[in-house]
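Engineer: the following block contains a protein sequence and its predicted model.
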Amino acid sequence: MNALEKELNYPLGEAMPGLGGTLDIAPGIKWIRMGLPFALNHINLWLLRDDMDDPSQPGHKLQGWTVVDCCISRPESMAQWQQIFDNELDGLPVLRVVCTHMHPDHIGLAAWICERWTTPVHECRLWISATDFGVARIATLMPTGFGGGDYAAQFYADHGMSNPDDLAQIRARTNYFTNLVPAVPRSFNRMQDGDVLQIGGHDWACISGYGHAPEHIALHCGARKILIGGDMMLPRISTNVSVHDNEPEANPLKQFLDSIDKFQWLAPDTLTLPAHGKPFTGLHVRIRQLHDHHNDRLAEVMQACEAKPCSGADIVPVMFKRELDLHQMTFALGEAIAHLHLLWFEGRLTRRRGTDRVLRFSLA
């Protein structure tokens, strides 16, 4: 545990759900933890006890569960879900699937779960923001998905990536998204900022977030002082905030920092259920920590650009001190560009393209 983590409180201590099982967080809320084959090696998923109107019997309620986030599509995850279906649902069905956003570890198995639990009486439907639904649907139809192909390789080259083997691997990436998300449901229910979902007799308010995903939705139950924070509020790491090739002049870091400030009005003792890491309290402390973290990185970037004009690739080792594989490097480069862009949009840096086509930033 690092020094920042010690400023937070973890009510469950070291307790975690076992493989194929759940851990009770509060009455009617269960925690699932699934493995990921990445450096970020797990994701937290949630089961919320629920009831919904029965379309076949007016005035009657269907009893069941809402799933929040799904994991990537792979046999191990599907097998783990099947164990949960068999043993953890008290014999009740899944009524709907809520996805906080469209990244593969959150939406990968949404179509499979929705299809698995749809009946002639009730359609198990995906609930997600319209923006993330549309982006996910587009990604499943693109030959390279996101993060691969000629355009992506050129974007990274423009920001200083020069290793020919790395660029060749990026150009060769195919089915980058669909390997993890083979399908997205064809229909959905829209969530947007300010909406209130009735889940199990409780009001859950939708809080939109930007900078990490196109339109991330966190869920907050004020009566129970519980926040399902998705990737917008993590206890151990700062979620990845990157500029991508499909929006090459975005300013996602400003969007992210503005978004997390929307959680300031929640109660200080709110129990936050993050997508990665352990459930914690100390929400306001964590918001401050994230601002401090990014302010420190911005100061490092300014110092580097004062010494010489810097590309995104020049900034990566300034911000990330460890060895990175190519998968991690693309995320790191995207995040380096995000920090450069915030300073550029604020007028503190200028940007120029060199004769080698590389974009470099220097003091304004």
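Structural biologist: Right, received. Where do you want to start?
Engineer: tell me where the chain has strands.
Structural biologist: 23-26, 29-35, 42-53, 61-68, 94-98, 125-128, 188-190, 196-199, 202-209, 216-221, 226-230, 271-274, 349-353, 359-363 (DSSP state E).
Engineer: adding distance to residue 156, write these out as a markdown table.
Structural biologist: Every residue, glycine included, has its C-beta placed from N, CA and C. Compiled in a markdown table, those are given as follows (distance: least, CB to CB, whole Å):
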| stretch | distance to residue 156 |
| --- | --- |
| strand 23-26 | 40 |
| strand 29-35 | 29 |
| strand 42-53 | 26 |
| strand 61-68 | 33 |
| strand 94-98 | 33 |
| strand 125-128 | 29 |
| strand 188-190 | 32 |
| strand 196-199 | 39 |
| strand 202-209 | 26 |
| strand 216-221 | 24 |
| strand 226-230 | 27 |
| strand 271-274 | 29 |
| strand 349-353 | 15 |
| strand 359-363 | 11 |
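Engineer: could these go into JSON lines alongside distance to residue 285 and mean neighbour count?
Structural biologist: Output for the strands of the chain, formatted as JSON lines (distance: least, CB to CB, whole Å; neighbours: other CB atoms under 10 Å):
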{"stretch": "strand 23-26", "distance to residue 285": "20", "mean neighbour count": "15"}
{"stretch": "strand 29-35", "distance to residue 285": "22", "mean neighbour count": "21"}
{"stretch": "strand 42-53", "distance to residue 285": "20", "mean neighbour count": "21"}
{"stretch": "strand 61-68", "distance to residue 285": "24", "mean neighbour count": "22"}
{"stretch": "strand 94-98", "distance to residue 285": "27", "mean neighbour count": "24"}
{"stretch": "strand 125-128", "distance to residue 285": "30", "mean neighbour count": "23"}
{"stretch": "strand 188-190", "distance to residue 285": "33", "mean neighbour count": "17"}
{"stretch": "strand 196-199", "distance to residue 285": "27", "mean neighbour count": "17"}
{"stretch": "strand 202-209", "distance to residue 285": "19", "mean neighbour count": "20"}
{"stretch": "strand 216-221", "distance to residue 285": "18", "mean neighbour count": "26"}
{"stretch": "strand 226-230", "distance to residue 285": "14", "mean neighbour count": "27"}
{"stretch": "strand 271-274", "distance to residue 285": "11", "mean neighbour count": "24"}
{"stretch": "strand 349-353", "distance to residue 285": "30", "mean neighbour count": "14"}
{"stretch": "strand 359-363", "distance to residue 285": "32", "mean neighbour count": "19"}
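Engineer: okay if I get the ones you listed as JSON lines plus distance to residue 337 and mean pLDDT?
Structural biologist: Converted to JSON lines, these look like this (distance: least, CB to CB, whole Å; pLDDT from 0 to 100):
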{"stretch": "strand 23-26", "distance to residue 337": "37", "mean pLDDT": "97"}
{"stretch": "strand 29-35", "distance to residue 337": "30", "mean pLDDT": "97"}
{"stretch": "strand 42-53", "distance to residue 337": "25", "mean pLDDT": "97"}
{"stretch": "strand 61-68", "distance to residue 337": "31", "mean pLDDT": "97"}
{"stretch": "strand 94-98", "distance to residue 337": "31", "mean pLDDT": "98"}
{"stretch": "strand 125-128", "distance to residue 337": "27", "mean pLDDT": "98"}
{"stretch": "strand 188-190", "distance to residue 337": "31", "mean pLDDT": "98"}
{"stretch": "strand 196-199", "distance to residue 337": "35", "mean pLDDT": "98"}
{"stretch": "strand 202-209", "distance to residue 337": "20", "mean pLDDT": "98"}
{"stretch": "strand 216-221", "distance to residue 337": "20", "mean pLDDT": "98"}
{"stretch": "strand 226-230", "distance to residue 337": "23", "mean pLDDT": "98"}
{"stretch": "strand 271-274", "distance to residue 337": "25", "mean pLDDT": "98"}
{"stretch": "strand 349-353", "distance to residue 337": "10", "mean pLDDT": "98"}
{"stretch": "strand 359-363", "distance to residue 337": "9", "mean pLDDT": "98"}
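Engineer: out of the ones you listed, flag the one nearest residue 329.
Structural biologist: Taking CB to CB, strand 359-363 is the member of the strands of the chain nearest to residue 329, at 17.3 Å.
Engineer: before we move on, the earlier item: among the strands of the chain, which comes closest to residue 176?
Structural biologist: Nearest to residue 176, of those and by CB to CB, is strand 42-53 at 18.5 Å.
Engineer: so the closest one versus strand 226-230, what angle?
Structural biologist: Orientation check (axes from the mean of the first three to the mean of the last three CA atoms, to 10 degrees): strand 42-53 against strand 226-230 gives 120 degrees.
Engineer: helices and strands around strand 42-53, which ones?
Structural biologist: strand 29-35, strand 61-68, strand 94-98, strand 271-274 (3 or more CB pairs under 8 Å, 6 or more residues apart in numbering; DSSP states H and E).
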